[in-house]
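**Student:** fold the following for me, if possible:
(chains A, B, C, D, E and F)
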Protein chains: 6
Amino acid sequence: MNVGDIINYLNEIAPWQYAEEWDSVGLMVGSRNSNVSKILLCMDVTSDVISEAVENGAQMILSHHPFIFSKLKAIDMENFKGEQIVKLIKSNVTVVSAHTNLDTAPGGVNDTLAETLHLINCHNLKPYIPKGSNCDLGMGKIGELLDYKSFDDFVKDIKKNLGIENLRIIGKKPEKVKNIGVFCGSFDGDLENLKSRKVDVLVTGDIKYHTALDAAQMGLCIVDAGHFATERIILHKLKDTLNKRFKELDIICSKVEIDPFTFA
Amino acid sequence: MNVGDIINYLNEIAPWQYAEEWDSVGLMVGSRNSNVSKILLCMDVTSDVISEAVENGAQMILSHHPFIFSKLKAIDMENFKGEQIVKLIKSNVTVVSAHTNLDTAPGGVNDTLAETLHLINCHNLKPYIPKGSNCDLGMGKIGELLDYKSFDDFVKDIKKNLGIENLRIIGKKPEKVKNIGVFCGSFDGDLENLKSRKVDVLVTGDIKYHTALDAAQMGLCIVDAGHFATERIILHKLKDTLNKRFKELDIICSKVEIDPFTFA
Amino acid sequence: MNVGDIINYLNEIAPWQYAEEWDSVGLMVGSRNSNVSKILLCMDVTSDVISEAVENGAQMILSHHPFIFSKLKAIDMENFKGEQIVKLIKSNVTVVSAHTNLDTAPGGVNDTLAETLHLINCHNLKPYIPKGSNCDLGMGKIGELLDYKSFDDFVKDIKKNLGIENLRIIGKKPEKVKNIGVFCGSFDGDLENLKSRKVDVLVTGDIKYHTALDAAQMGLCIVDAGHFATERIILHKLKDTLNKRFKELDIICSKVEIDPFTFA
Amino acid sequence: MNVGDIINYLNEIAPWQYAEEWDSVGLMVGSRNSNVSKILLCMDVTSDVISEAVENGAQMILSHHPFIFSKLKAIDMENFKGEQIVKLIKSNVTVVSAHTNLDTAPGGVNDTLAETLHLINCHNLKPYIPKGSNCDLGMGKIGELLDYKSFDDFVKDIKKNLGIENLRIIGKKPEKVKNIGVFCGSFDGDLENLKSRKVDVLVTGDIKYHTALDAAQMGLCIVDAGHFATERIILHKLKDTLNKRFKELDIICSKVEIDPFTFA
Amino acid sequence: MNVGDIINYLNEIAPWQYAEEWDSVGLMVGSRNSNVSKILLCMDVTSDVISEAVENGAQMILSHHPFIFSKLKAIDMENFKGEQIVKLIKSNVTVVSAHTNLDTAPGGVNDTLAETLHLINCHNLKPYIPKGSNCDLGMGKIGELLDYKSFDDFVKDIKKNLGIENLRIIGKKPEKVKNIGVFCGSFDGDLENLKSRKVDVLVTGDIKYHTALDAAQMGLCIVDAGHFATERIILHKLKDTLNKRFKELDIICSKVEIDPFTFA
Amino acid sequence: MNVGDIINYLNEIAPWQYAEEWDSVGLMVGSRNSNVSKILLCMDVTSDVISEAVENGAQMILSHHPFIFSKLKAIDMENFKGEQIVKLIKSNVTVVSAHTNLDTAPGGVNDTLAETLHLINCHNLKPYIPKGSNCDLGMGKIGELLDYKSFDDFVKDIKKNLGIENLRIIGKKPEKVKNIGVFCGSFDGDLENLKSRKVDVLVTGDIKYHTALDAAQMGLCIVDAGHFATERIILHKLKDTLNKRFKELDIICSKVEIDPFTFA
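**Tutor:** Take a look at the predicted model:
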């Protein structure tokens, strides 16, 4: 099995061409022809993650966030990106990234986030039609809890299900919640759309101050559970999916990567 | 005394023309000719703040964030901005906003943030020369603590001095800190510049995930104390400054506005 | 009955989405939820027209030209637009504008202009397909007089039918005319199209010098009857149309507005 | 003497490089090396004017408005511009145009307009610094009448001095006038600047409806004496100036060109 | 017969609207109404070619390259383009150009190049769908030689068939060739597409250094037989085609034009 | 000695900031901190050149053309650039490129080309002021031969001095030449400037067909001696310069790189 086989399979479950136009996905460093028996899954290809891959003998890293997002005008070892590229190449580790194609794919990050929060009857929060396709994808999801739940209990559930200890709340807390919006990673800021969808609360990450303030004024409630926590849930899902297709492939999820934010 | 007198005085201490090109500053709603005997200072002109002004008999609100940032194509009472404008006009309350001109002015928000954290020997973190001027302003400041201090103690000081209970930390915590960077509101994301300035820690707000991750990889330490907390310290400073110049003016700082984020 | 009912009905007769992309139409100031029993129709929302509405107890003004065309960065009472907005809001008068959607709609301004000049067998001078629709609208109309008429008699008719005393003529006057083009407000300047349509004369307004000169060189004849006169004929038509639908609504056409140009 | 000598002299009195960036000035058709003994001056190079030049034996036409303004992708005899070019070339007539460089030059069109209306103590209505120069030119002029004069008398003077029978008036007529603004051809529409200059009336041409309406609302008074009339006064001035420098040159002003607008 | 008849016929065999958007085609100088009994065909309308047309009594020149490509802001006899236009107009010679519409048309320049090199089973090297059409055209062609041939023999054939003595070779020469790409004039530089098409060699012209270097590194072989030689073969083809349709028309191919490059 | 020392020295003789804005110069792959005892100079970093560097034990390649010109969105070993980067990194070879900063620097490529052709009294063909500097550099040079020389003899000299066997000539050959223009690599196509400089012949490379044709029509003569040959002369000059400054450095010029064009 080689990297190309995995890239092709990812194209089946989350077609590369469905990534947003501004996005950067697919092979980042290395070769489609590299043999792969072990693969490491991660959110971000940090220096620690690269070391982890090397130490574990993984020939390939599959990350959610693009390893090369801004195009490179040089590979300069005096900055961290250049240093990482050199380490990857010298260690013969290939990097592939699946980003917005995976966010919006059926069974992708948004679906997994809804599933993790036990939402049912899910549909798209915002329609997304990739350029040049008539594919019906969605950014964010809306679903229902089985029953009404108090807001405080729902917050406890979020923490438990996403494995976090802290989060931030924006706007007036509803007493009870049932209709839940989710938007993995970082909410796109379209508050008008959010309001028109009449969710009791939106669970997302990476909210900026002015968005928070406008949301509060519009009577919306948002839980910012962090970019990291609302997306990392995809890794175990992806591990299972890949394992079904590539039975002989050894797949590990990074154990060293952590949310860059700590609360104090 | 009328609104125009206050606008003119603000032009002396934080010239309007020194605002960034993308910014919106100055008179937002109302008239330079309105008489003013009472003025309310705030970060943001929310519906609660407008009610507070009206209830307190303030004829003018001076906000830090621009009340009209995106230009208006209509004043539609069915959305909150239109509703606020109608209330302001019917209540004869004039709104003026002083934003990036105040951030960068001597004695402005960045200087006040440095002062609040007891920094000495301050200079600019990043030079800023307003278009068409040869004025030497700065975005962000760098200063020193009187003595080295443990990181944990410094975090306690930040909380105390900014009046907050929670904050977020990014990157590897140094043991001791002395050279401190501050950047009010929201750090502009120029990590290369930050690194070259060799501060032990940067205190700022509103950091996004990818900036946090890059900072951590570059070995930088950032304290995200919140957009609100790192800027609201200007209000009392501004109150004092205005009081010195306009002795008869009754100046109040909003008591109802709060950070839209709460930690849970 | 409220403003929203009238906005919805206008959408039936001249759909808002059919306005040109650069245009600004719909609610300008006020609220869809305001009750309306009396409405004032006008070309332009001038200070005199606002006073007229207030004095006549109209809760709504429906103008042809957009009240807010350039987006507002402030509502400054020291300029006339800000002063007008304040007066409207304090008087609880809502403003709605129907512009290019009404120009091109069936029974709209161009059709009414053709009708006013007694043209028959009318078709579009220039096809106009609103973005994202397959609607077949037209900018300007071409029609026929019942019989050939001398140019001088036709000019007399224009004056009588549009209620004006002066107009301007461009190019060589034909002896007799029958095929007539009309273009309400301000001709779009596409002389090549005009020439290809072989009209004997075009009736329009607001012609600039260089357009006039080119038209004359191309052997075309244009009557500039004024922007005001070639559009204001819609008001009485609109009054009738609205009256049929909203029988209880009191509708008045402005009596104070006049063409800003006087001839001397 | 050849065309180049005249082009060089024009560069002394109205430097070509001082034309606006969007403008087109200088040699339009023909050759700097053509001998010239007779030259025809005109506002616009129409077909009639070309015939007049040929019939009068002029080897050169000097026009105010650019003969080629939109760049040519073909010289097609089936349209009037192509036909004119062919006639010029076959008749060996060279065309040169002096436009915004002449409008703004000392002694140029604006100065001549002020002079024609007997204004004294003139200065610039709007400063104009050509790109890449530190030259202090002006668009439009402001000057004074010797004494206050009734508005109606001033209108009579305008008609007499510009040789016109009709004009259009915009806004509220002042009773008496003394401070007069002039802007040759077509006012640039900057009403804010106009208002700040506190003129009693502006004399200009080619005003569009929306500019007229705004001016009226701002309490300004404008006399639209026509694009043609407010600029054609330069021809005789130019004839004198050229005659002083080129004594042997036979200079005629077009007798066939007329304002494309006639009033009825 | 007049120029318009020929323009209309060209529209049948190589529709004008199929030219690239950046291109300039059709009537360049003169009139559709000019009578034509003799026509000169050429690659480029040089001064020598114009003299040839005049001396041979041709009333029309049909060129492949656009006579006016950059739009003209003046017709200045002191530069060569202006001088040529004057000569054409004084000699009553009309110029028409058929460029990318002819390159890509069936039986056009690319097809003729393939035919000249005796290629069979041809198809498009690169699909080209003119804007607003669903026409299936191609830039460049791929075809086969009847049998494998040594590279050196193929080079000899190219020279003989295109009538040239020198050419330039880029990249590693294959021993034998059969699958041949052709791209008339100047290869568009899309080496990725070229590589994917697996031709043994591409015959084209006007290759720049960096394209050559990249091609060599990608293992491609290109023969640069010159812009002139790879396109001029259309003239005799065009002569035949026009003769069939316009039997009475006297058609000559320029005898004076030569490739501007000579090898030394 | 390390790469940074050489980069710094290059900055003295050809400041990096003087490169054109569109250019890419400086460190391309590797590290400023790498030790260097042997360096290979070349025009282009091809796969052969990389092998040559590795085989010769060079730790650094200094190329004239930028190794990374188009920014990279991935390092994909299945294309040649990715493959080369991997080889460089695995072989610990650092690449630095000095392009337009070296073309225009005193003693740079253009000066060396003039010197190689034995020109004296040289000055700039076209002034070039790098953005944000007041530095007086030039693109291209003009100089004189010691005496007039026949064109054919000069062509022989060019071949001998540049070490080439073939070249291409454009335009009418002058009988004798003395004033010579040179423009290394690829002439920028500004024929108007070239004509105004009145050189007898320009020696340059990489001329495209339409530039050649226009030059011929303007009566200019150009020798296209190839992009490679007109620039590669800098390598030996650069070797000498570097040797003077870094006496212990082993400097070799590539022996494997060749012009990608061969004549047949």
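**Student:** quick check: pLDDT value at residue A:130.
**Tutor:** For residue A:130, the pLDDT comes out at 87.
**Student:** residues near it, how many?
**Tutor:** 18 (other C-beta atoms under 10 Å in any protein chain shown). C-beta here means a position set from N, CA and C on the backbone, and glycine is covered the same way.
**Student:** gap between the nearest residue to it once chain neighbours are set aside and residue A:98?
**Tutor:** In space, and not counting its chain neighbours, residue A:130 is closest to residue A:18: 4.2 Å by C-beta to C-beta, 6 or more residues apart in numbering or on different chains. Going from residue A:18 to residue A:98 by C-beta to C-beta, to the nearest Å gives 11 Å.
**Student:** residue boundaries of the strands in the stretch 1-150 of chain A?
**Tutor:** A:26-30, A:38-42, A:60-63, A:75-76, A:94-97, A:120-128, A:137-150 (DSSP state E, counting those that start in this stretch).
**Student:** about what we covered before: quick check: the residue nearest to residue A:130 touching residue A:103?
**Tutor:** No. The criterion here is C-beta atoms under 8 Å, and residue A:18 misses it with residue A:103 at 9.6 Å.
**Student:** higher neighbour count, the two?
**Tutor:** The neighbour count for residue A:18 versus residue A:103, taken as other C-beta under 10 Å, is higher for residue A:103 (29 against 24).
**Student:** what sits against that one?
**Tutor:** Shown in contact with residue A:103 (C-beta atoms under 8 Å, 6 or more residues apart in numbering or on different chains): A:109, A:110, A:139, A:184, A:185.
**Student:** burial count for the first one?
**Tutor:** This points to residue A:109. For residue A:109, the count of nearby residues is 29 (other C-beta under 10 Å).
**Student:** before we move on, the earlier item: winner for burial among the strands of the stretch 1-150 of chain A?
**Tutor:** Stretch with highest mean neighbour count among the strands of the stretch 1-150 of chain A: strand A:94-97 (a mean of 27; mean count of other C-beta atoms under 10 Å in any protein chain shown).
**Student:** hmm, back to that, and the pLDDT at the residue nearest to residue A:130?
**Tutor:** At residue A:18, the model reports a pLDDT of 93.
**Student:** what's the answer for residue A:134, then?
**Tutor:** pLDDT at residue A:134 comes out at 77.
**Student:** that one and chain D, how far apart?
**Tutor:** 39 Å (C-beta to the nearest C-beta, to the nearest Å).
**Student:** would you map the helices across the stretch 151-264 of chain A?
**Tutor:** A:151-162, A:191-196, A:209-217, A:227-232, A:234-245 (DSSP state H, counting those that start in this stretch).
**Student:** pick the most deeply packed of these.
**Tutor:** Taking mean count of other C-beta under 10 Å, helix A:227-232 is the most buried of those, at a mean of 26.
**Student:** near chain B at all, that helix?
**Tutor:** Yes. Under the criterion of C-beta under 8 Å from any C-beta of the partner chain, helix A:227-232 makes contact with chain B via A:227, A:228.
**Student:** then that helix to CSV, C-alphas only?
**Tutor:** The C-alpha coordinates for helix A:227-232 follow below in CSV (Å, rounded to 0.1, in the frame of the first residue of the first chain):
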residue,chain,number,x,y,z
HIS,A,227,-11.3,25.3,17.7
PHE,A,228,-9.3,22.3,18.8
ALA,A,229,-11.9,20.4,20.7
THR,A,230,-14.7,20.9,18.1
GLU,A,231,-12.6,19.4,15.4
ARG,A,232,-10.3,16.8,17.0
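**Student:** elements contacting it?
**Tutor:** Under the contact criterion of 3 or more C-beta pairs under 8 Å, 6 or more residues apart in numbering or on different chains; DSSP states H and E, helix A:227-232 touches helix A:109-116.
**Student:** what helices or strands is the helix it packs on leaning on?
**Tutor:** Checking 3+ C-beta pairs under 8 Å, 6+ apart, helix A:109-116 ends up next to helix A:100-104, strand A:137-150, strand A:176-182, helix A:227-232, helix A:234-245.
**Student:** just the CA atoms of that helix, as PDB, please.
**Tutor:** C-alpha atoms of helix A:109-116 as PDB (Å, rounded to 0.1, in the frame of the first residue of the first chain):
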ATOM      1  CA  VAL A 109     -16.100  16.900  11.000                       C
ATOM      2  CA  ASN A 110     -19.400  18.700  11.300                       C
ATOM      3  CA  ASP A 111     -21.400  15.400  11.200                       C
ATOM      4  CA  THR A 112     -19.000  13.900  13.800                       C
ATOM      5  CA  LEU A 113     -19.400  16.900  16.000                       C
ATOM      6  CA  ALA A 114     -23.200  16.600  15.900                       C
ATOM      7  CA  GLU A 115     -22.900  12.900  16.600                       C
ATOM      8  CA  THR A 116     -20.600  13.500  19.500                       C
END
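**Student:** ok, and what's touching it?
**Tutor:** A:64, A:102-105, A:122, A:138-141, A:143, A:161-162, A:180, A:182-185, A:203, A:230-231, A:233-234, A:237.
**Student:** give the buried residues for stretch A:108-119.
**Tutor:** Residues of stretch A:108-119 classed as buried by neighbour count (16 or more other C-beta atoms under 10 Å in any protein chain shown): A:108, A:109, A:110, A:111, A:112, A:113, A:114, A:115, A:116, A:117, A:119.
**Student:** roughly how far out does that stretch sit from the chain middle?
**Tutor:** Chain-centre distance of stretch A:108-119: 11 Å, with C-alpha atoms, centre = their mean, to the nearest Å.
**Student:** check stretch A:10-18 too.
**Tutor:** 15 Å.
**Student:** and if you look at stretch A:76-83?
**Tutor:** 25 Å.
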